[in-house]
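In: Pasting a predicted model and its sequence here:
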Amino acid sequence: MRFPRRLTHDHAQRLEAGLLRRVRTAGDAQPGRIVLDGRERIDFGSNDYLGLARHPRLIEALDDAATIGVGARASHLLGGHHDAHEALQRALAEGSATARALLFSTGYMAATGALSALPGRHDLCVQDRLNHACLLDGARLAGAELRRYRHADAADAARQLASRPDRRAMLVSDSVFSMDGDVAPLAELAALAQRERAWLMVDEAHGLGVLGPAGVAAPARRLAWPRTRFPWDGHAGQGARRLRCGDRR
Ligand SMILES: Cc1ncc(COP(=O)(O)O)c(C=O)c1O
C-alpha cells in the first residue's frame, strides 16, 4: 500500500476504534475549572498542583526576564546557558538538597535525557508497567533491554531483575502515577535495588512539591539510603521548569 493511502487507512481504523485523539483549545477560566469547546467544566486534567502557573511572583519574574530577551540564542553547550539558567539550577539543587540539578525544557526531555545516558546498551532496565511513556522511550533510546513489571508490584520487579542476573540493571518507576494518582512502593523498590545492586530512578513529575514534608521533599527523598546512587527527576507541575538532580550521596 502506498504511503498516503496507508495513512488514510490507518486514520480510518483509529477513528473507528475510538482511538483518534485531537487537540482541544482551552479558554481562560478560574483555577480548578477549564473552558473547552466553549463549555466550562471542572478541571481534573491539570498538573498545576502547586498553583504556579498563575503565581504573581512567577509572573513578575517572567516579566523581568523578558527584558533580557525571549530566547537563549544558542543551545546550552554552545553559549545558550545563561546566568539565569545557572542560578535556577543552583537554587533547585539547594532547595532539594542534592549535589546538582540540570534543567530540561520538558519532563519528557528530562526523562529521555537521563535514561538514554544512564543505562548502557544491553543493560537491563526494569520498569513499572504504568510508567510514563517517556521513561520507556528513554530506555529504548539507550538500547537497554526493557522489561516491565506488574503495576506497583515489587515482587514482580524482583522476578524481572532475577531473570538476567548477569546484566547491570536499573529499576525505574514514577513516584506518583499520573493516571491513577497512586504512589509506587518506593521503600520496597529501594530495598530491592540495594539488594540486587541495581540503580533506582524515580520520576517525581507528580510528586515533587506535592507529597512529603516541606513541599520539596518528595517521597523518594525520605528513603534513608545514603550509599546508593540515586538519580531522580521531576517537574513541579505546569509553570515550573523541569529539573533532574544528580547523585545523592
Ligand atoms: C511521570 C511523568 N514523567 C514525565 C512526564 C512528561 O512531562 P512533560 O509533559 O513536561 O513532557 C509526565 C507527563 O505528565 C509524567 O506524568
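Out: Received, thanks.
In: In the protein, mark out all the strands, start to finish.
Out: For the chain, applying DSSP state E gives strands covering 26-27, 33-36, 39-42, 101-104, 124-128, 145-149, 169-174, 199-203, 232-235, 242-245.
In: distance between stretch 68-77 and the chain's centre?
Out: 23 Å (CA atoms, centre = their mean, to the nearest Å).
In: Distance of the closest residue to residue 43 other than its chain neighbours relative to the ligand?
Out: Excluding the flanking residues, the one nearest residue 43 by CB to CB, 6 or more residues apart in numbering is residue 34, at 3.9 Å. C-beta here means a position set from N, CA and C on the backbone, and glycine is covered the same way. Distance from residue 34 to the ligand, counting by CB to the nearest ligand atom, to the nearest Å: 16 Å.
In: Pairing partners for residue 34 in the sheet, please.
Out: residue 41 (DSSP bridges).
In: That one touches residue 46, doesn't it?
Out: Yes - the pair residue 34 / residue 46 is scored as a contact, 7.3 Å apart, by CB atoms under 8 Å.
In: Settle it for me: which of these two has more neighbours?
Out: Using other CB atoms under 10 Å as the criterion, residue 34 and residue 46 rank with residue 34 on top: 19 against 15.
In: Now do the end-to-end distance for stretch 113-130.
Out: 20 Å (CA to CA, to the nearest Å).
In: Hmm, I typed the wrong one, I wanted stretch 35-52.
Out: End to end - CA to CA - stretch 35-52 spans 19 Å.
In: ok, residue 137 touching residue 112?
Out: Yes - using CB under 8 Å, residue 137 is in contact with residue 112, at 5.5 Å.
In: At the contact with the ligand, which residues of the chain appear?
Out: For the chain, the contact set with the ligand under CB under 6 Å from any ligand atom comprises 47, 106-108, 111, 132, 134, 174, 178, 203, 205-206, 235.
In: how much space between whichever residue of the chain sits closest to the ligand and residue 32?
Out: As assessed by CB to the nearest ligand atom, the ligand sits closest to residue 107 within the chain, at 2.4 Å. Per CB to CB, to the nearest Å, residue 107 is found 22 Å from residue 32.
In: Between those two, which is the more surrounded one?
Out: residue 107 (22 against 11).
In: about what we covered before: reformat the strands of the chain as a markdown table; add distance to residue 3 and mean pLDDT.
Out: A markdown table is the format used below for the strands of the chain (distance: least, CB to CB, whole Å; pLDDT from 0 to 100):
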| stretch | distance to residue 3 | mean pLDDT |
| --- | --- | --- |
| strand 26-27 | 33 | 90 |
| strand 33-36 | 33 | 93 |
| strand 39-42 | 38 | 93 |
| strand 101-104 | 33 | 91 |
| strand 124-128 | 33 | 97 |
| strand 145-149 | 29 | 97 |
| strand 169-174 | 35 | 94 |
| strand 199-203 | 36 | 91 |
| strand 232-235 | 36 | 40 |
| strand 242-245 | 35 | 40 |
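In: can you put these in CSV and add distance to residue 7?
Out: Converted to CSV, these look like this (distance: least, CB to CB, whole Å):
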stretch, distance to residue 7
strand 26-27, 28
strand 33-36, 27
strand 39-42, 32
strand 101-104, 32
strand 124-128, 31
strand 145-149, 28
strand 169-174, 33
strand 199-203, 33
strand 232-235, 33
strand 242-245, 33
